[in-house]
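Chemist: starting from these lines, generate the structure:
(one chain, ligands or ions: 2)
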Amino acid sequence: MPKNLQETVKLNNGVNMPWFGLGVYKAQEGEEVIQAVKSAIRTGYRSIDTAAAYNNEEGVGQAVREAMEENGLTRDQLFITSKVWNSNQGYETTLQAFETSLSKLNLDYIDLFLVHWPVKGKYKDTYRALEKVYKEGKVRAIGVSNFQIHHLEDLLADAEVVPAVNQVELHPQLTQKELLKYATEKGIFLEAWSPLGQGNLLTNDILVSIGKKYGKSAAQVILRWDLQVGVITIPKSVNEGRIIENADIFDFELSTEDIAAIDGLNLNKRFGSDPDNFNF
Ligand SMILES: NC(=O)C1=CN([C@@H]2O[C@H](COP(=O)(O)OP(=O)(O)OC[C@H]3O[C@@H](n4cnc5c(N)ncnc54)[C@H](OP(=O)(O)O)[C@@H]3O)[C@@H](O)[C@H]2O)C=CC1
Ligand SMILES: O=C(O)C(=O)[C@@H](O)[C@H](O)C(=O)CO
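Modeler: Ligands and ions are numbered 1, 2, ... in the order given. Below you'll find the predicted structure:
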């Protein structure tokens, strides 16, 4: 169980990844994303999750460089994730997309690079390109996102490098227990996207009442639950107060009964798209 914001999980290739990070989907390129990333790093966050599709890699890279300087950090103390978008999937196009992400971020390397969605007929070639850049040392770990068990089974049949991470929608109304069990057996960490249900779960009566017992908000209860069930988490906020609030989860522990009550909220409900039925 991580005891602070900077504690890491050891991925299946030995690379350490922070349990907790900042997501920046919908953070506007420019001042908004720059200020959010800098606030987060000042608060103690060490992991940032972006993607080519978020159109804010330049701002993320700029913020990372400025924050290193301002906080006396070195590049190896930060962990930056990006992802190849669906329209760039395929072997050669992914190699190019990786270089574009690296150049927009303007960093020497990316820590984790993911196949953003399992685009039918393409994700295996896409992943082969990730294996190439991984073997070349341009990225410290590779993985996937939005992969169901059948996608992972298909990928693992040919993959030379087992994905380190599968980033999926996961929150109290979509607990992903089967996928979590399967991924854990294969040595793949699950990482929760939309952990707060895009803000929709924060007035849930059960989460609010559990929070009251610990003097915590529903957001803090959910994020603590992520860590206690063994899932990496990346809540998004561009508001400094909420960036600080979301990270303030290392001074309490949910009881076994409360973990079970949160697990019991599962409805298999998605706020985002279904990995077996998306058209973008
Ligand atoms: N791989 C994939 O396909 C996907 C990956 N992701 C990744 O996961 C990250 C997180 O998911 P996301 O969809 O952004 O949703 P989240 O579940 O993190 O919710 C973010 C929303 O909640 C608000 N919020 C954050 N903290 C609080 C708080 N303490 N109290 C009240 N409101 C709060 C934010 O507003 P505000 O900013 O104003 O605080 C924002 O509207 C993304 O940013 C992205 O990095 C997301 C979707 C898909
Ligand atoms: O945020 C992401 O990482 C996503 O993949 C999705 O939000 C995706 O961009 C989408 O929902 C497109 O409509």
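
Chemist: give me the low-pLDDT residue ranges for the stretch 51-200 of the chain?
Modeler: For the stretch 51-200 of the chain, applying pLDDT under 70 flags no range at all.

Chemist: what separation do you get for the closest residue in space to residue 244 that isn't next to it in sequence and residue 9?
Modeler: Once flanking residues are discounted, residue 244 sits nearest to residue 43: 5.4 Å by CB to CB, 6 or more residues apart in numbering. No exception for glycine: its C-beta is placed from N, CA and C like everyone else's. Taking CB to CB, to the nearest Å as the measure, residue 43 and residue 9 are separated by 20 Å.

Chemist: ligand 2 contacts on the chain?
Modeler: Within the chain, the positions near ligand 2 by CB under 6 Å from any ligand atom are 25, 51, 53, 116, 272, 273, 280.

Chemist: now do 8 Å
Modeler: Counting by CB under 8 Å from any ligand atom, the positions of the chain adjacent to ligand 2 are 25-26, 51, 53-54, 83, 116-117, 145-146, 193, 272-273, 278, 280.

Chemist: may I see the PyMOL selection of the buried members of these?
Modeler: Listed next is the PyMOL selection for buried residues among the residues of the chain next to ligand 2, using 16 or more other CB atoms under 10 Å:
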select buried, resi 25+51+53+54+83+116+117+145+146+193
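
Chemist: nearest to ligand 1: which residue in the stretch 1-150 of the chain?
Modeler: residue 23 (2.4 Å; CB to the nearest ligand atom).

Chemist: ok, now which ones touch residue 8?
Modeler: 2, 16, 17, 18, 19 (CB atoms under 8 Å, 6 or more residues apart in numbering).

Chemist: of the residues you listed, buried ones?
Modeler: For the contacts of residue 8, buried by 16+ other CB under 10 Å: 2, 17, 18, 19.

Chemist: using TSV, lay out these together with distance to residue 235 and secondary structure.
Modeler: Listed next are these as TSV, based on distance: CB to CB, whole Å; DSSP: H, G, I helix; E, B strand; the rest coil:
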residue	distance to residue 235	secondary structure
2	15	coil
17	16	strand
18	13	strand
19	12	coil
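
Chemist: show me where the stretch 1-150 of the chain has strands.
Modeler: 8-10, 16-18, 22-23, 47-49, 79-84, 110-115, 139-145 (DSSP state E, counting those that start in this stretch).

Chemist: to clarify, my last question referred to the stretch 151-280 of the chain.
Modeler: 165-169, 189-193, 232-233.

Chemist: out of those strands, which comes closest to ligand 1?
Modeler: So among the strands of the stretch 151-280 of the chain, strand 189-193 is nearest, using CB to the nearest ligand atom, at 3.4 Å.

Chemist: send me that closest one as CSV with only the CA atoms.
Modeler: Extracted C-alpha coordinates of strand 189-193, given in CSV (Å, rounded to 0.1, in the frame of the first residue of the first chain):
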residue,chain,number,x,y,z
PHE,A,189,-1.1,-3.4,-13.9
LEU,A,190,-4.5,-1.9,-14.4
GLU,A,191,-4.6,1.9,-14.4
ALA,A,192,-8.0,3.6,-13.8
TRP,A,193,-9.2,6.3,-16.2
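
Chemist: what residues does the stretch 101-250 of the chain put near ligand 1?
Modeler: Counting by CB under 8 Å from any ligand atom, the stretch 101-250 of the chain sits next to ligand 1 at 114, 116-117, 145-146, 167-169, 171, 192-199, 201-202, 217-220, 234-239, 242-243, 245-246.

Chemist: narrow those residues to those in helices?
Modeler: 218, 219, 220, 242, 243, 245, 246 (DSSP state H).
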